[in-house]
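# sharing a model prediction with you, sequence too.
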Amino acid sequence: MDRKTYIEYLVNTYADDILHFSYNYLKNYEDAKDVCQTVFIKFISKCYSFENQKHEKAFLYKVTVNVCKDFLRNPWRKRICGLEHCEELIAPEPTENGVMWAVNQLEVKYRVIIYLYYYEGYNAEEIGKIMKIIPATVHTRLARGRKKLKQILEESGYEEL
Amino acid sequence: MKSYKKEVDQSYWTQEGKENLIHRIEMNCQEKHTRKKSQFRRVVVAVLAITLFCAGTVIGKGNMNTPAEIFGNMFGKEKKQTEILDEIGYAPDTQVVSNGIKMKVKAVIGDGRHIAIMYELSKEDGSSLELDFPIDDACQVEFDDEGGIRLPLKTLGLKGYGITYSVVDLEPKDQKIQIMEMISCDDQMPRNMKVTSVFENIKIKNNPKDYPKQIEFQGKWELEFNLQCKDCSVKVPAGQRFKKDDFSFCVEKIELSPIGMNLVISEMGDGIYEYDMEGKKYLYKDMPVCLNMKNGTVINLRENDESYGGSSEESGNRIQKVQEEFMFKTIRPLEDIKSITVGDAEILLPKK
């Protein structure tokens, strides 16, 4: 596979996943868009070999976590609103009282775990490897995150619990 | 959780977006094979270098209460400067306590686009904060999650804002410390509005060159207060055109106040930014932006010692535009400024 084909494969296969994950981390689509590009550039700059696609995706998520952390460490962060000006993404803001809105109310340590567990279907051990934490911590955060999420949803009058 | 999956899936890259992304990554990889490290700086990083050694007349008098007293050591203590600080500043009487630590909004200064907020941390019982190391300009402050002011962007119709923090010790003897938050907005904010600042688990780190130490204040502080800004800016006549490196730039807008400047420049092509191996390359950062003072001094606003800053770029219809915010590190009375230089254009300030 030549480099162009490889880039096309990566973007077509994972761009939406990286977008969802980094949005989940940063709560801002404009920042998530920048993170996507940085993640792919970092990834392509090294030659990695993977056992399978699942392994490749998990590694991309590890890179995404690091890029998001770097992004949050940046002393001058831009907080940009809306995406009306952006034609590269379809990215509706979560509707108030929806589950995604409620997940966004959680602290980053909970919402990332909830995303990886419920959306991606990773188990605690896999999440632990991506986030560099032990599985027990994943379980604790998952339980606390779920509890907080339930509380937020109940307070917002969400019915489908 | 089905609805969660459904909601997450509602966001995705458009086909055009993916193609653009592939193109940018490819360009980046090509550059990597042909060029050495980019010499261009990254944007939107404000390096703080507040030299705050508490000498001077204000310190030592006891409590500092007026905006000029509180911000004077950072923004200037000359008469004209303190008058401006008192004019554009105020002290909201808001404080909350968490885990025995009181956090107070000590003072605010701002012009509607550029705002500095000083928060103060002290013990609720009046005893001293336990500080393991002296607070100086090399210290860094961090919070859990996304700390600081929450501006309701959508409600206000604002595009975005940049924010940065520093930790200071206005009076080492009083065992209180302060956190200064500096905000620059892409648009003018309302003159008066209710805002909330949230800080959780505040961590202060010492000079990274020393043996690493950290002071942590655990708790959560939510401060609700009125953000009042006085628009003291003037609109400087724009529309000037100039050429640089075969690019044709146009100064679209300048708004200048004693505390900051908002500048919009456009270029009919890709003279504002492009992509290389490091990612986005901000060409406009090489363009001088200076204040020419009446006394002959030239202040280069691109220098870290002169301003904090942020910027945002956009493109459309083959025009690239950049909006830059410069928040001055020293109050600059407008009557002392003769003109502004942007690239090769010198723009005179309007007479009153």
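Yep, that arrived.
# make it CA atoms for all contacts and neighbour counts henceforth
Noted.
# show me where chain A has helices.
When assigned using DSSP state H, the helices of chain A occupy the ranges A:3-26, A:29-45, A:53-73, A:99-104, A:108-114, A:124-131, A:135-155.
# quick one: those helices as JSON lines, columns for mean pLDDT, mean neighbour count and distance to B:Glu83 too.
Converted to JSON lines, the helices of chain A look like this (pLDDT from 0 to 100; neighbours: other Cα atoms under 10 Å in any protein chain shown; distance: least, Cα to Cα, whole Å):
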{"stretch": "helix A:3-26", "mean pLDDT": "91", "mean neighbour count": "20", "distance to B:Glu83": "40"}
{"stretch": "helix A:29-45", "mean pLDDT": "86", "mean neighbour count": "20", "distance to B:Glu83": "39"}
{"stretch": "helix A:53-73", "mean pLDDT": "86", "mean neighbour count": "17", "distance to B:Glu83": "35"}
{"stretch": "helix A:99-104", "mean pLDDT": "90", "mean neighbour count": "22", "distance to B:Glu83": "43"}
{"stretch": "helix A:108-114", "mean pLDDT": "92", "mean neighbour count": "22", "distance to B:Glu83": "43"}
{"stretch": "helix A:124-131", "mean pLDDT": "91", "mean neighbour count": "19", "distance to B:Glu83": "51"}
{"stretch": "helix A:135-155", "mean pLDDT": "91", "mean neighbour count": "16", "distance to B:Glu83": "47"}
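# rebuild the ones you listed as CSV, extending it with distance to chain B.
Written out in CSV, the entries for the helices of chain A read as follows (distance: least, Cα to the nearest Cα, whole Å):
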stretch, distance to chain B
helix A:3-26, 5
helix A:29-45, 6
helix A:53-73, 8
helix A:99-104, 5
helix A:108-114, 6
helix A:124-131, 16
helix A:135-155, 11
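# now those as JSON lines including distance to B:Arg302?
Converted to JSON lines, the helices of chain A look like this (distance: least, Cα to Cα, whole Å):
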{"stretch": "helix A:3-26", "distance to B:Arg302": "28"}
{"stretch": "helix A:29-45", "distance to B:Arg302": "24"}
{"stretch": "helix A:53-73", "distance to B:Arg302": "22"}
{"stretch": "helix A:99-104", "distance to B:Arg302": "36"}
{"stretch": "helix A:108-114", "distance to B:Arg302": "34"}
{"stretch": "helix A:124-131", "distance to B:Arg302": "38"}
{"stretch": "helix A:135-155", "distance to B:Arg302": "44"}
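# contacts only, for the residue most central in space within chain A.
Here the mean C-alpha position of chain A is nearest to the C-alpha of A:Phe21 (Cα atoms, centre = their mean), at a distance of 1.4 Å. The contact partners of A:Phe21, taken as Cα atoms under 8 Å, 6 or more residues apart in numbering or on different chains, are A:61, A:64, A:112, A:115.
# same check, this time on B:Ile109
B:67, B:85, B:88-90, B:115-117, B:229.
# which helix is the longest one in chain B?
As far as residue count goes, and with DSSP H defining each element, the longest helix of chain B is helix B:15-34.
# what helices or strands is it leaning on?
Using 3 or more Cα pairs under 8 Å, 6 or more residues apart in numbering or on different chains; DSSP states H and E as the contact criterion, the neighbours of helix B:15-34 among helices and strands are helix A:3-26, helix A:29-45, strand B:273-276.
# repeat that with 10 Å
With contacts taken as 3 or more Cα pairs under 10 Å, 6 or more residues apart in numbering or on different chains; DSSP states H and E, helix B:15-34 sits against helix A:3-26, helix A:29-45, strand A:89-90, strand B:12-13, strand B:273-276, strand B:279-282.
# centre of the chain versus the helix or strand containing B:Glu69, how much separation?
When secondary structure is defined by DSSP states H and E, B:Glu69 falls within helix B:67-75. For helix B:67-75, the gap between its own C-alpha mean and the chain's C-alpha mean amounts to 17 Å (Cα atoms, centre = their mean, to the nearest Å).
# just checking, what packs against that helix?
Under the contact criterion of 3+ Cα pairs under 10 Å, 6+ apart, helix B:67-75 touches helix B:79-88, strand B:89-90, strand B:101-110, strand B:114-123.
# if we go to 7 Å?
In terms of contact count using 3 or more Cα pairs under 7 Å, 6 or more residues apart in numbering or on different chains; DSSP states H and E, helix B:67-75 is assigned the packing partners helix B:79-88.
# contact partners of the helix it packs on?
Identification of contacts with helix B:79-88 by Cα atoms under 7 Å, 6 or more residues apart in numbering or on different chains yields B:66-68, B:72, B:76, B:109-111, B:229-230, B:331, B:333.
# show me which of the residues you listed is closest to A:Glu51.
B:Gly110 (55.7 Å; Cα to Cα).
# which residues sit in contact with the closest one?
Under the criterion of Cα under 7 Å, 6+ apart, the contact list for B:Gly110 reads B:88-89, B:116, B:229-230.
# return the distance of it relative to B:Tyr308.
Taken as Cα to Cα, to the nearest Å, the spacing of B:Gly110 relative to B:Tyr308 amounts to 14 Å.
# just B:Asp187 next, same as before
In this structure, B:Asp187 lies at 17 Å from B:Tyr308, with Cα to Cα as the measure.
# do B:Ile135 as well
Here the criterion is Cα to Cα. By it, B:Ile135 lies 21 Å from B:Tyr308.
# okay, these two: which has more neighbours?
Each of B:Ile135 and B:Tyr308 has its neighbours counted (other Cα atoms under 10 Å in any protein chain shown); B:Tyr308 has more, 29 against 22.
# just grab the bridge partners of the more buried one for me.
B:Met327 (DSSP bridges).
# pLDDT score assigned to it?
Model confidence at B:Tyr308, given as pLDDT, is 80.
# and the stretch 101-250 of chain B, which residues reach chain A?
Those residues of the stretch 101-250 of chain B that sit near chain A, judged by Cα under 7 Å from any Cα of the partner chain, are B:145, B:153-154, B:159-164.
# list buried residues within those.
Burial by neighbour count, judged by 16 or more other Cα atoms under 10 Å in any protein chain shown, picks out B:145, B:153, B:159-164 from these.
# in JSON lines: those, plus pLDDT, secondary structure and distance to B:Gln214.
Supplementary listing: these in JSON lines, determined by pLDDT from 0 to 100; DSSP: H, G, I helix; E, B strand; the rest coil; distance: Cα to Cα, whole Å:
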{"residue": "B:Asp145", "pLDDT": "71", "secondary structure": "coil", "distance to B:Gln214": "18"}
{"residue": "B:Leu153", "pLDDT": "75", "secondary structure": "helix", "distance to B:Gln214": "33"}
{"residue": "B:Lys159", "pLDDT": "75", "secondary structure": "coil", "distance to B:Gln214": "35"}
{"residue": "B:Gly160", "pLDDT": "76", "secondary structure": "strand", "distance to B:Gln214": "31"}
{"residue": "B:Tyr161", "pLDDT": "81", "secondary structure": "strand", "distance to B:Gln214": "29"}
{"residue": "B:Gly162", "pLDDT": "82", "secondary structure": "strand", "distance to B:Gln214": "26"}
{"residue": "B:Ile163", "pLDDT": "84", "secondary structure": "strand", "distance to B:Gln214": "22"}
{"residue": "B:Thr164", "pLDDT": "85", "secondary structure": "strand", "distance to B:Gln214": "19"}
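# greatest separation within those residues: which pair is it?
In terms of Cα to Cα, those reach their longest pairwise distance at B:Asp145 and B:Lys159, which sit 21.7 Å apart.
# ok so, going back, determine which two of the contacts of A:Phe21 are furthest apart.
When the contacts of A:Phe21 are compared pair by pair using Cα to Cα, the two farthest from each other are A:Thr64 and A:Tyr115, 13.6 Å apart.
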